[in-house]
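Engineer: predicted model follows, preceded by the sequence.
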Amino acid sequence: MNDKQLRQDVIDELEFEPSIDAADIGVLVEDGVVTLNGHVPLYAHKLAAERAAWRVRGVKAVVQDIEVRHAGDRSSNEEVAKRALDILRWDGTVPEQVHVTMNDGWLTLSGQVDWQYQRDNAEKDLRGLSGVVGITNNITLKPVAQAGTVRKRIEDALKRNAEIQAGQIQVEINDGGTVTISGEVDNWVEKRAVERAIWSIPGVRALHDNLVIA
């Protein structure tokens, strides 16, 4: 596929995505590398645009240059941080040990939780919050299992997942809970399915994804 056709496919996918208005998003393509620019009103829309670009067959990489511009008066850091903390407290899956700091529209999450889904939920809860231009997730996971146990659970999870060709994926893990995966997958959807399967395992603290989209 040439760059011209790939650019049009990305534009079409952005327009097809119901969660965003793509009118102010620009698309550049060079050698399969997609650059997204322009502006959106919410940080969640910026992430949705990137996910939409990755869904297009032939995309090798995505450069994210979209700016978050909020309509109307911009809330103070204190107001946004307080709303963020309230939202997290309303989510029963997010422990109170999760903390929020705010600097010029950028949220930083910290603390320690038991499960990756709790870490993910804390970030997802805040993506659509007005006044947020970006999120850094520094929440850490508590170590709960030895490397051998984690490896067995990962291998079993990959075999159960219908979206994944488990035989083409190699898994390495150390006692600190850092998992490294390598091998080939057919598309970005399968790559994400592998990541989700691994992060669902207790004891995984970090993931180095070296998977290649064939």
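Structural biologist: Noted; the coordinates are in hand. It should be emphasised that the depicted structure is a prediction, and the values quoted were computed from it without experimental measurement.
Engineer: I'd like to know which elements the least confident helix or strand in the chain by mean pLDDT is packed against.
Structural biologist: Across the helices and strands of the chain, mean pLDDT, DSSP states H and E gives its lowest value to helix 147-160, namely a mean of 75. Applying 3 or more CB pairs under 8 Å, 6 or more residues apart in numbering; DSSP states H and E, one finds that helix 147-160 contacts strand 169-173, helix 188-199. Bear in mind the C-beta positions are built from the backbone N, C-alpha and C, glycine included.
Engineer: and the pLDDT at the residue nearest the centre of the chain?
Structural biologist: With distances taken as CA atoms, centre = their mean, the chain has residue 47 as the residue nearest its mean C-alpha position (7.9 Å). Per-residue pLDDT puts residue 47 at 93.
Engineer: now do it against residue 149, distance only.
Structural biologist: From residue 47 across to residue 149, the span is 33 Å (CB to CB, to the nearest Å).
Engineer: quick revisit: which strand or helix spans the residue nearest to the centre of the chain?
Structural biologist: helix 43-54 (DSSP states H and E).
Engineer: which element follows that helix toward the C-terminus?
Structural biologist: strand 61-64.
Engineer: from the chain's centre, how far out does the next helix or strand along the chain from that next one sit?
Structural biologist: Sequence-wise, the next helix or strand downstream of strand 61-64 (DSSP H and E) is strand 67-68. Chain-centre distance of strand 67-68: 17 Å, with CA atoms, centre = their mean, to the nearest Å.
Engineer: show me what the helix or strand that comes right after strand 67-68 is packed against.
Structural biologist: As assigned by DSSP H and E, the chain's next helix or strand after strand 67-68 is helix 77-90. Judged by 3+ CB pairs under 8 Å, 6+ apart, the packing partners of helix 77-90 are strand 99-103, strand 106-110, helix 116-126.
Engineer: angle of the last one against helix 43-54?
Structural biologist: It refers to helix 116-126. Calculated by axes from the mean of the first three to the mean of the last three CA atoms, to 10 degrees, helix 116-126 forms an angle of 120 degrees with helix 43-54.
Engineer: repeat that for the first one.
Structural biologist: Orientation of strand 99-103 against helix 43-54 (the same axes, to 10 degrees) gives an angle of 90 degrees.
Engineer: now distance to residue 54 too, for the helices and strands packed on helix 77-90, in a markdown table please.
Structural biologist: Listed next are those as a markdown table, based on distance: least, CB to CB, whole Å:
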| stretch | distance to residue 54 |
| --- | --- |
| strand 99-103 | 28 |
| strand 106-110 | 23 |
| helix 116-126 | 17 |
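Engineer: and of these, who's closest to residue 181?
Structural biologist: For residue 181, the closest of the helices and strands packed on helix 77-90 is helix 116-126, at 14.7 Å, according to CB to CB.
Engineer: show me how far the helix holding residue 47 is from its chain's centre.
Structural biologist: On CA atoms, centre = their mean, the centre of helix 43-54 falls 10 Å from that of its chain.
Engineer: export it as PDB, just CAs?
Structural biologist: Backbone C-alpha positions of helix 43-54 (Å, rounded to 0.1, in the frame of the first residue of the first chain) are rendered in PDB as follows:
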ATOM      1  CA  TYR A  43      -7.200  14.100  26.300                       C
ATOM      2  CA  ALA A  44      -9.500  11.000  25.800                       C
ATOM      3  CA  HIS A  45     -10.100  12.100  22.100                       C
ATOM      4  CA  LYS A  46      -6.300  12.300  21.600                       C
ATOM      5  CA  LEU A  47      -5.900   8.700  22.700                       C
ATOM      6  CA  ALA A  48      -8.900   7.600  20.700                       C
ATOM      7  CA  ALA A  49      -7.400   9.100  17.500                       C
ATOM      8  CA  GLU A  50      -4.200   7.200  18.100                       C
ATOM      9  CA  ARG A  51      -6.000   4.000  18.600                       C
ATOM     10  CA  ALA A  52      -8.000   4.600  15.400                       C
ATOM     11  CA  ALA A  53      -4.800   5.100  13.400                       C
ATOM     12  CA  TRP A  54      -3.300   1.900  14.800                       C
END
